[in-house]
Each structure stands twice: as structure tokens, then as C-alpha cells.
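[1] kindly generate the corresponding structure for this input.
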Amino acid sequence: MHKRVYAKKDGRMLYLYGLKPHTLPALEEGENTGQAQSHARWHPLRQEWVVFAASRQGRTFLPPKEYDPLAPSKPGGFPTEIPFEDFEIAVFQNRWPSLSPHAGAPPEGLVIPTRDAQGDCEVVVYTPEHSGSLASLSPERRELLVRVWADRYRELYARPQIQYVMPFENRGEQMGVTLHHPHGQIYAYPWIPPILQKELEAFQKSPVLLNLLPHLGPYTVLEDAHVLACIPPFARYPYEVLVFPKQFRPGLWAFTEEEISSFARVLGQVVQKLDNLFHKPMPYVMALHAAPKGAEEVFHFHVEFYPALRTADKLKYLAGTELAAGTFAMDALPEETARVLREVAI
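    The predicted structure follows:
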């Protein structure tokens, strides 16, 4: 894998990854952006940090194809976030971040504790094409993407203030997507987020996924010698999918070459099955959960897919019991939805 590091004129960093070196000349860039301003406030009832980033209100929202900010730039054309005529995979610091190395100091005089939000938010552009998905990427491009994620984990975790790194993808307007171009994001937090703290505490008690592994036959959707994908028996969404390596690994940076190929292939197949389930692109959130800093000996890497559709024309909404009480109510049994998804042809 080759990596080119490029400093944009507004100070944000752009990383160009590829199977061959990237040597194209840079084109004209767009306007400079203002400095990101965000901070965190402590929620005393939930015992967790909430990030405030008012500048994000002005971010780009569903632009037409000719103004796609994630496309390659063209000479004399609309200046995009990537000032080059072509690339394989591009990663850049978000123009409208929730977390930033330059977030600034929190406000003073509030009645609750505050702190800085000095982390980072990156955009990962999977392809120069305006449309596509993890399923439609070539096997070589998906493997490259896995290596890109691993490199970003290594680089971001090397920063002293970063405690947790999470790549994720929001897909579909139902999930709040503001750009259609195939992409994901990476958040690097200066604290361990509450869901990951709970998962860490579970892994500190026992090897949860390895203990479950021998019992997941009825729930398995896809598997090979290295990676398993299942609808877990505790699924909170009808077609929620859990993907993890069969050997203990704290993160993608610890995968073998065979595991990288297997993981990339299974990710693509999971998305293909989800899309074929109702014969249309499945809206979802996909989150990669790797070990928090310092927990590499106990935390088992895994990926969680939260698909939004429960039938072809009905969404799984989060309502009163889910949002207000934190208890999910499921109207489909994982044993049945696993069978259905397993039988979907790809």
C-alpha cells in the first residue's frame, strides 16, 4: 500500500492511499474554512460527555452530482475536497468536525463541568466514483480500505490525547446521510465513549465473543475459516449483523494477511445480502469497534451493522422505550431473521 500525505491550503491534512503511488499534480483548491470550534459538556444524569459543535449547522447537504465535494477535482471545474484529478482512496480531516485538534477551550461559567473536544474527525472516500457501496467495490479496493482503516488506527492512536478511534459508515438518507458519494468517517475521541466503555467492561470479565462462537450456528449468516458474520441472539434491530474474527484480535492492525482478505470479502458480502434482502439499498450504520487505548489484551475487535429496515417498506424506529429508557423492543426473532438473511442469494 502506498500513502501520499498532502497539506491542504486551509491546514487540513489529506491522505491519498493506493495500490500504486499517487503522483498527480494538485489543482486549485476552494475557499479556506473557518476554524472549528467545539467543546464537551458533562451530562450529570447520564454520566457522559456531550459534544457541542454549532459550526456543523452549515455543512453541505445533499448537493447535486456536479457539486459532489468528495469527487476528484477537474481543471477549471468545481473545487472539491480532493484537489486531484484521480485517486484510489482518500482520507481528509472533516471541514465541519465535531472533534478537532484545534477545537479551542470550552466556555467558562457554566453550571456543569466542561472540557475540550480535542480529537479528530476524518472522512474516508472509498472511490472516486459518485455512486457505489462496500458491496460494489472490487475485492482489491475493499482490501485496500481495510488496510487504510488499520493505518488510520495506528496513526490516530499514536496521538497522546486520543483514547478511542472509531471508523463508521452512515448509509442512506434515513440514517442522516448528507452526501451520497460512497464514504465513511473516523472519529478519534479524547475519552472512551459510553457504549465502548460498557463493552470494555464486558470483555474485562470474560472473552464474550469467543465464548459465544461455538453456539452461533443458528445465527450465522456468513463465515469462512477466519471471520464470522451473524445476527446475534441479542440483536436489537431485525437484521442487525455482527462480524468478528474467529481468533482474538484487538483491532485491524493485528490482522494477518489472510484475515484482511477474509474480512474485506465478508464485509462486501454482508452488504450485498442486506441490499438483496428487499431488492434495494439497505440504509444502515456500520461501526468498527476496536480496543480502546490500553485495552489491547482483552477487547475483541468486531463490526456492528444497524440496518434501518424491518420490512421492505417499514423502518425500525427508535421511540420511547429505546430513546428514553435505553431498552430495545424487538418485533422479530433473531433465529428467524438469521435464517432469512442466510438464505438471501448473492
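
[2] residue at max distance from the center of the protein?
    Centroid-distance maximum for the chain: residue 109 at 35.0 Å, with C-alpha atoms, centre = their mean.

[3] how close does that one get to residue 130?
    Relative to residue 130, residue 109 is positioned 47 Å away (C-beta to C-beta, to the nearest Å). In short, each C-beta sits where N, CA and C put it, glycine included.

[4] again, but for residue 15
    Taken as C-beta to C-beta, the span from residue 15 to residue 130 is 21 Å.

[5] neighbour count winner among the two?
    More crowded of residue 15 and residue 130, by other C-beta atoms under 10 Å: residue 15, with 20 against 13.

[6] helix or strand: which one has that one?
    strand 13-18 (DSSP states H and E).

[7] what is the subsequent helix or strand relative to that strand?
    strand 39-43.

[8] mean confidence for that following strand?
    Taken as a whole, strand 39-43 has a mean pLDDT of 97.

[9] one more: stretch 25-35?
    Computed over stretch 25-35, the average pLDDT equals 81.

[10] quick one: low-confidence residue ranges for this protein.
    Counting by pLDDT under 70, the chain contains low-confidence ranges at 32-35, 56-62.

[11] which stretches of it form helices?
    With DSSP state H as the criterion, the chain has helices at 139-157, 194-205, 208-212, 257-277, 334-342.

[12] closest one to residue 296 among those helices?
    Nearest to residue 296, of all those, is helix 139-157, at 9.7 Å by C-beta to C-beta.

[13] and that closest one with helix 257-277, angle?
    Interaxial angle, helix 139-157 versus helix 257-277 (axes from the mean of the first three to the mean of the last three C-alpha atoms, to 10 degrees): 110 degrees.

[14] how about the CA coordinates for helix 139-157, as CSV?
    The C-alpha trace of helix 139-157 is given here as CSV (Å, rounded to 0.1, in the frame of the first residue of the first chain):
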residue,chain,number,x,y,z
PRO,A,139,-12.1,-7.1,-3.9
GLU,A,140,-8.8,-5.3,-4.2
ARG,A,141,-10.3,-1.9,-3.3
ARG,A,142,-12.1,-3.4,-0.2
GLU,A,143,-8.8,-5.0,1.0
LEU,A,144,-7.1,-1.6,0.4
LEU,A,145,-9.9,0.0,2.5
VAL,A,146,-9.2,-2.4,5.4
ARG,A,147,-5.5,-1.5,5.2
VAL,A,148,-6.4,2.2,5.2
TRP,A,149,-8.5,1.8,8.3
ALA,A,150,-5.6,-0.1,10.0
ASP,A,151,-3.2,2.7,9.1
ARG,A,152,-5.6,5.4,10.5
TYR,A,153,-5.9,3.4,13.7
ARG,A,154,-2.2,3.3,14.1
GLU,A,155,-1.7,7.0,13.3
LEU,A,156,-4.5,8.3,15.4
TYR,A,157,-3.8,6.1,18.5
